[in-house]
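Undergrad: Give me coordinates for this.
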Amino acid sequence: MTTHTGAVLDSCRTGAEIAQQPDVWREVAALVAGQRDALDRFVTDALTDPRTEIVLTGAGTSSYIGELVASEVARHTGRTATAVPTTDVVASPATALPADRPVLLVSFARSGDSPESVAAVELADQVIPGTRHLVITCNAAGALGQRCADRADAYVLTLPEASNDAGFAMTSSFTGMALATLLAFGSGTDVAALATAAEAVRAVAEEAAAAVLALRPRRLVHLGSGALKGLAHESALKCLELTAGRVLALADTPMAFRHGPKSALDGTTVAVVYLSNDPYTRQYDVDLARELSTTLGAERVVVVDATGDADVPATTWSVPGVAGLPDAEWALPAVLFAQVLALAASLAEGLTPDNPFPGGEVNRVVQGVVIHPYTGPKGQ
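TA: Predicted coordinates:
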């Protein structure tokens, strides 16, 4: 793996896991290519019934994978694809799952050992008999992978070992599973181009992060439309996790942000706006970025752009070589900016990024969840 980067990325395991992503993506592409025929057979069989809906599920970062890729999965399959967190499936299966039609449940899990991961599979089987399962995980030995490994109605796609981040925060695992999903559903993603773009981002991300942190932000707002809403959510979560909540991070869509969440803005805020590659959607992203530049000052607004022609009075972080790509694809190299910013903020707070919660208040694999027996909706 290529790990020579800079002071921030070389400072800890989490930094190395951020830096290695271009190489991990190449490994993921080779892995999926090697299983292409088997994956195609499974997906084709799972979608034989034209009523079948695809539900993309996971918890925390893994749920944001679904938000990021759902539109592309829907486009390539011609089916409805919906992101539903496992936390919703477990807490309210009767309303979270479409019980009136067949389902292909796509489960994302770094470790596969979160209690909700297995529970979501079991509840889907209970609520929708005949559910098919595509498990995309970084850990074949995890409870989820083991639960589904020998099922005729399931396919377990285990990513390369390097994707199973050992650090507290998901980085390689997030982008690796997102890429694997796009490839599994036949996106034809140009992985080589994305990896090259990520290497270019990696080369400048530390300097970009330093400029933002020089403003001493106590609040970071991340905004993105469509698929980029998933990117915004993941960007905010990385900051919250790695700074142990010391830097408050929020996420929303540019359009929704005006409807109340804008109240979070203050003199310590920096706003990051991801500009969509879709020309229509991009207009709304740009409108809000300009508004924020007036409200906060241009130095406190960052636009992350793939086209190179953002006309906004703000700092621009460019992702090269990805103009015209679907937002779900160019988001993968773009997230390196957010990951490096969160890592640098963690270090600036004097924290240990690999374990920002030494007291165990928050854990790498969630703890304290009790799975209660489910007997179906009242009156059933």
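Undergrad: Could you list every helix and strand in contact with the host helix or strand of Val270?
TA: Assigned by DSSP states H and E, Val270 falls within strand 269-274. Packing partners of strand 269-274 (3 or more Cβ pairs under 8 Å, 6 or more residues apart in numbering; DSSP states H and E): strand 219-223, helix 228-242, helix 279-296, strand 301-305, helix 327-348. All C-beta spots, glycine's among them, are computed from the backbone N, C-alpha and C.
Undergrad: and Gly324, how far is that from Pro353?
TA: 34 Å (Cβ to Cβ, to the nearest Å).
Undergrad: For those two, indicate the residue with more neighbours.
TA: Pro353 (26 against 9; other Cβ atoms under 10 Å).
Undergrad: How about the secondary structure of that one?
TA: Assigned by DSSP: H, G, I helix; E, B strand; the rest coil, the conformation of Pro353 is coil.
Undergrad: quick one: contacts for it?
TA: For Pro353, the contacting residues are 11-12, 14-15, 167-169, 242, 343, 346-347, by Cβ atoms under 8 Å, 6 or more residues apart in numbering.
Undergrad: Tabulate those residues (a markdown table), appending neighbour count.
TA: Shown next, in a markdown table, are those (neighbours: other Cβ atoms under 10 Å):
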| residue | neighbour count |
| --- | --- |
| Ser11 | 18 |
| Cys12 | 18 |
| Thr14 | 29 |
| Gly15 | 26 |
| Gly167 | 23 |
| Phe168 | 20 |
| Ala169 | 26 |
| Leu242 | 30 |
| Leu343 | 29 |
| Ser346 | 28 |
| Leu347 | 21 |
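Undergrad: Just name the closest of the residues you listed to Leu179, please.
TA: Ala169 (17.9 Å; Cβ to Cβ).
Undergrad: Now the closest one: closest residue in space, sequence neighbours ignored.
TA: Glu241 (5.0 Å; Cβ to Cβ, 6 or more residues apart in numbering).
Undergrad: Was I right to think that neighbour contacts Thr171?
TA: No. Under the criterion of Cβ atoms under 8 Å, Glu241 is not in contact with Thr171, lying 10.5 Å apart.
Undergrad: more crowded one of those two?
TA: Between Glu241 and Thr171, counting by other Cβ under 10 Å, Thr171 is the more crowded of the two (31 against 22).
Undergrad: Now the strand holding Val270 - C-alpha only, PDB.
TA: Taking C-alpha atoms only, strand 269-274 is exported to PDB below (Å, rounded to 0.1, in the frame of the first residue of the first chain):
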ATOM      1  CA  THR A 269     -18.900  28.100  11.700                       C
ATOM      2  CA  VAL A 270     -17.200  26.800   8.600                       C
ATOM      3  CA  ALA A 271     -19.600  25.500   5.900                       C
ATOM      4  CA  VAL A 272     -18.600  22.900   3.300                       C
ATOM      5  CA  VAL A 273     -20.800  22.700   0.300                       C
ATOM      6  CA  TYR A 274     -20.500  19.800  -2.200                       C
END
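Undergrad: now it and helix 327-348, what's the angle there?
TA: Strand 269-274 and helix 327-348 are oriented at 150 degrees to each other (axes from the mean of the first three to the mean of the last three Cα atoms, to 10 degrees).
Undergrad: quick one, what contacts Asp327?
TA: 71, 224, 226-228, 231, 276-278.
Undergrad: Farthest pair within the residues you listed?
TA: Largest pairwise distance in the contacts of Asp327, by Cβ to Cβ, is 13.9 Å, between Leu231 and Asp278.
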